[in-house]
Structures are given as structure tokens and as C-alpha cells.
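*Asks:* Any chance you could fold what I've pasted below:
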Amino acid sequence: MKIKDIVCALGQFAPLPLQDSYDNAGLQVGLTEAEVTGALLCLDVTEAVVDEAIALGYNLIISHHPLIFRGVKSLTGANYIERCIMKAIKHDIVVYSAHTNLDNAINGVSFKMAEKIGLQDITFLEPKMDGDVPAGAGVVGLLSKPKQDVSFLQFIKQIFRVECVRHSALKGNMIQKVALCGGAGAFLIGEAIKVGADVFITGEIKYHDYFGYDKDILLAEIGHYESEQYTKEIFQQLIRERFPEVPVRMTEVNTNPINYL
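*Replies:* So this is what the prediction gives:
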């Protein structure tokens, strides 16, 4: 089994044309003609993750966030990105990233979040089409039974293993229609209100984005990493179903750069 076969399958699941204009998803480092020895799955490529792949003898790293996001003008080891690139090349490791194309794909990042919460009747929050391919940003769905707002946030905190949930004012309202978006999804607050959601959950919300919505919707911010942590399961399921003979595992490295005191 060649690395390019897995890369092709990833591209079929989350086509690269679905990525946002600013993004740099796709093949980051390496040549894909080699036989795959194993796939290591992560949100972020760090030096510790590359070291883990080397120790495992795996020659493919699949990440959600691209290792190379902005232009790299030299390779001198001046920062962790350059060092990761250099180390991956030295050890013949391919790095592939599925970022906003996976955010925008059906059964992508936000769908996985909705699955963890147990939402039903899941649809895109902001649907769009890319040719004949259904795509969109965020999702909306229903809880099987409504929960009071405090209980719902406690439930979310447990599901996503969140140290701290930041949220707008609690008013004792019942929550049943849930809109959400992995990562930085505050741009969808208006869409969540438009579809009549009781709550909007995302990874990041700026301070001023909290103003003006108290009467419309409950806003909940659970952390960028925390909202996307289950994305690795999407990669894992795809590879195990399509290529059961390929060793695959999720990284044991916690790549979240944010800590809580």
C-alpha cells in the first residue's frame, strides 16, 4: 500500500477545492510513492509528534492544522515549523493536512462534534455547494431531550474534557436546538440565530462578539483544540475502513499550546 493511496482517499473524503481561500491544506512534506509503514494522526504537527512517528517507524503523519500555513523562505531550523520540515525530510516522513476542506466537508469536523453530543437531524448551518458536492460551515441539530442551559454546558464540558467553558449570560432556558462549529466559528453566530438555535458552540469567540445576543442565543466557547480534538477519529475511521492492513494510531502528544492554571 502506497502513501499516495491514503492521500487519495483523504482527498475524496474532504476534497481540497472545499478549503477556504486563505488555507494551505493538502500535501505538506514528502513524496507519496513510498510504501506506507504506518499513519500517525494529530491536530498539530510538532517536533514531539515527528519524533513519535520516527520512534514508531511510521512514515506518514496526518494532521488537521497545516504544518506549513504561511510561506517558508528558508530552512535553517530557526523555528519549530522549519525543524519539523527538516526532520520529516531527513526521515522520509510524509506530512498531509486536511484543514478547512475537512471543516467544510459532509461528516467533517463539526459533524463529529455533533455526533459526540448526540445530536439528531444534523444539517449544515451554512450550506453551500462545490460543484455537485454538498458542503458548508458548521452544523445544527437537535438533542433527543431538552436540557436546561446550566446542565447542558456541564454536559458539554464533560464530553469535550474542557477545563473552562466561557459563555454568555445564563437565563435558565431550555436547550434543544444546537448549532456548532469546530475551531474559530464566531462568524456563524448570525446563522445560528437565523435557524433558531438555542445555543451556539465553537472553539473561539472574541470579547466583542459576545455583545448584543443575550436575547437571541446562548454562546459557548470551549477552546479551539478541545472543539477539534475528535477530528483524529475521522482520519482513523477512514483508514481502518479503507486500508485495514495499515498500522494507524492517534498521537499520544497533547499538542494544545493553551494551559489552565
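*Asks:* going forward, measure contacts between C-alpha atoms and count neighbours the same way
*Replies:* OK.
*Asks:* Setting aside sequence-adjacent positions, which residue approaches Lys30 most closely?
*Replies:* Residue 30: Gly, not Lys. Leaving out its chain neighbours, the residue that sits closest to Gly30 by C-alpha to C-alpha, 6 or more residues apart in numbering is Val94, at 4.4 Å.
*Asks:* list the contacts for the one you found?
*Replies:* By C-alpha atoms under 8 Å, 6 or more residues apart in numbering, the residues touching Val94 are Leu27, Gln28, Val29, Gly30, Leu31, Thr32, Asn59, Leu60, Ile61, Ala88.
*Asks:* Out of the residues you listed, the closest to Leu153 would be?
*Replies:* In terms of C-alpha to C-alpha, no member of the contacts of Val94 lies closer to Leu153 than Ile61, at 33.7 Å.
*Asks:* Settle this for me: that closest one is touching Thr37, isn't it.
*Replies:* No - the pair Ile61 / Thr37 is not scored as a contact, 10.8 Å apart, by C-alpha atoms under 8 Å.
*Asks:* who has more neighbours, these two?
*Replies:* Between Ile61 and Thr37, Ile61 has the larger neighbour count (other C-alpha atoms under 10 Å), namely 27 against 17.
*Asks:* helix or strand for that one, which one?
*Replies:* Applying DSSP states H and E as the criterion places Ile61 in strand 60-63.
*Asks:* how near is the residue nearest to Gly30 to Met86?
*Replies:* Distance of Val94 to Met86, given as C-alpha to C-alpha, to the nearest Å: 11 Å.
*Asks:* Show me what the next helix or strand after the strand holding Ile61 is packed up against.
*Replies:* Next along the chain after strand 60-63, taking DSSP H and E as the criterion, comes helix 80-90. With contacts taken as 3 or more C-alpha pairs under 8 Å, 6 or more residues apart in numbering; DSSP states H and E, helix 80-90 sits against strand 26-29, helix 47-56.
*Asks:* re the thing from before, for the residue nearest to Gly30, phi and psi?
*Replies:* phi -90, psi 140 (degrees, to the nearest 10).
*Asks:* Okay, and the beta partners of it?
*Replies:* Taking DSSP bridges as the rule, Val94 bridges to Leu60.
*Asks:* got the buried residues for the one helix or strand Phe235 maps to?
*Replies:* Here Phe235 sits within helix 231-242, counting by DSSP H and E. Buried residues in helix 231-242, defined by neighbour count with 16 or more other C-alpha atoms under 10 Å: Thr231, Lys232, Glu233, Ile234, Phe235, Gln236, Ile239.
*Asks:* Please apply the same query to stretch 130-150.
*Replies:* Neighbour-count burial for stretch 130-150, counted by 16+ other C-alpha under 10 Å, picks out Ala135, Gly136, Ala137, Gly138, Val139, Val140, Gly141, Leu142, Leu143, Lys147, Asp149.
*Asks:* Inside strands: which ones of the residues you listed?
*Replies:* Using DSSP state E, Ala135, Gly136, Ala137, Gly138, Val139, Val140, Gly141, Leu142, Leu143, Lys147 are the members of the buried residues of stretch 130-150 that sit in strands.
*Asks:* Run through the bridge partners of the first one.
*Replies:* Listed beta-bridge partners, Ala135: Ala105, Lys128 (assigned using DSSP bridges).
*Asks:* That one touches Leu102, doesn't it?
*Replies:* No - if you go by C-alpha under 8 Å, Ala135 and Leu102 don't touch, sitting 9.6 Å apart.
*Asks:* Need the overlap of contacts for these two.
*Replies:* Counting by C-alpha under 8 Å, 6+ apart, the residues touching both Ala135 and Leu102 are Leu18.
*Asks:* By mean pLDDT, point me to the weakest helix or strand of the chain.
*Replies:* For the chain, counting by mean pLDDT, DSSP states H and E, strand 120-130 ranks last in confidence among helices and strands (a mean of 94).
*Asks:* Thanks a lot, catch you later.
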